[in-house]
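In: The following block contains a protein sequence and its predicted model.
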Amino acid sequence: MGRPKQLLPLGDRPVIRYCCENILAAGVTRITVVIGPQGKEIAEALHGLPVDFVVNPDLESEMADSIRIGLRALRDHYTGVLICLADHALTSAETLRTLMERYSEDPRKIIFPVYNGKKGHPTLFPKSAAEEIFSVKTLRDIIKKDPERTRRIDVADEGVVLDMDTEEDYQNILKKKIRMQTGI
């Protein structure tokens with residue numbers, strides 16, 4: 001997009017803050033945010049929130065590299081990990097709670113939301129599955145390895161499939177956010 005999408009305004013706050021506040025509202029007690037070497041502005045946007053920061057020094061790296069860095073920072077202090085992407089800004093706290101509730105019913109499953117038949121984000125990985133990222137290239141490789149250990153959760157939250165890869169995507173999310181606020 002030519003600018004850090006995490007810092008784009010969504011209502012009265014940056015996208016990254018909006019996302020983290022929804023995650024906290026869902027009941028997540030520990031958030032680790034992986035930032036790039038110039039992540040100072042992102043850290044400032046999250047000032048006052050209970051989040052930990054780790055730096056991925058390679059701006060050209062893949063998402064899986066950031067996940068590896070985030071998992072290393074968590075060490076053994078987790079049983080499952082919710083991989084949330086800042087560019088899926090409209091995912092609701094209710095959806096996040098639903099994913100965590102379904103995970104608690106069967107903590108061996110990789111849980112992901114589905115909206116109108118389309119797989120979305122975030123994905124919740126049990127620790128054992130998440131740590132497979134150290135031996136495969138991508139998260140998709142983990143999921144493909146054993147599709148039987150995945151669980152699809154139908155949600156009424158379009159936010160799970162809306163991402164911001166282009167300016168047009170961002171404008172679409174802004175319009176949907178306004179509709180959500182006004183109930184139109």
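Out: In hand now; what should we look at? Quantities reported herein were computed from a predicted structural model and do not represent experimental measurements.
In: which residues does residue 149 contact?
Out: Contacts for residue 149 were tallied using C-beta atoms under 8 Å, 6 or more residues apart in numbering; they are 108, 109, 110, 129. (Each C-beta comes from the backbone N, C-alpha and C, glycine too.)
In: Residue 156 against residue 116, yeah?
Out: No - using C-beta atoms under 8 Å, residue 156 and residue 116 do not qualify as a contacting pair, with a distance of 9.2 Å.
In: hmm, back to that, only the buried subset of the contacts of residue 149, as a PyMOL command please.
Out: This is how PyMOL selects the buried members of the contacts of residue 149, with burial counted by 16 or more other C-beta atoms under 10 Å:
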select buried, resi 109+110+129
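In: which of the contacts of residue 149 lies closest to residue 82?
Out: Looking at the contacts of residue 149 and their distance to residue 82, the nearest is residue 110, at 11.2 Å (C-beta to C-beta).
In: could you check the distance from the nearest residue to the closest one once chain neighbours are set aside over to residue 140?
Out: Closest residue in space to residue 110, ignoring its immediate chain neighbours: residue 150 at 4.7 Å, by C-beta to C-beta, 6 or more residues apart in numbering. Between residue 150 and residue 140 the distance is 11 Å, computed by C-beta to C-beta, to the nearest Å.
In: Compare neighbour counts for these two and give me the winner.
Out: Taking other C-beta atoms under 10 Å, residue 150 and residue 140 do not tie; residue 150 has more neighbours (16 against 11).
In: so that one makes contact with residue 109?
Out: Yes - counting by C-beta under 8 Å, a contact exists between residue 150 and residue 109, whose distance comes to 6.5 Å.
In: Spell out the residue ranges of the helices in the protein.
Out: 15-25, 40-45, 63-74, 93-105, 127-130, 139-145, 167-182 (DSSP state H).
In: Relative to residue 6, which of these is closest?
Out: Once C-beta to C-beta is applied to the helices of the chain, the stretch that comes out nearest is helix 15-25, at 3.9 Å.
In: Now do the same for that closest one: mean pLDDT, whole number.
Out: The average pLDDT for helix 15-25 rounds to 96.
In: Give me the residue ranges of this structure where confidence is low.
Out: Low-confidence segments of the chain, defined by pLDDT under 70, are located at 1, 182-184.
In: quick revisit: next, the contact list for the residue nearest to residue 110, please.
Out: Each residue near residue 150 by C-beta under 8 Å, 6+ apart is listed here: 109, 110, 111, 112, 143.
In: For the fourth one, give the beta-bridge partners.
Out: Pointing back at residue 112 there. As for beta bridges, residue 112 partners with residue 152 under DSSP bridges.
In: That one against residue 153, yeah?
Out: Yes - distance between residue 112 and residue 153: 7.1 Å, which falls inside the contact criterion (C-beta under 8 Å).
In: any residues in contact with both of the two?
Out: Applying C-beta under 8 Å, 6+ apart, one finds that residue 112 and residue 153 are jointly contacted by residue 99.
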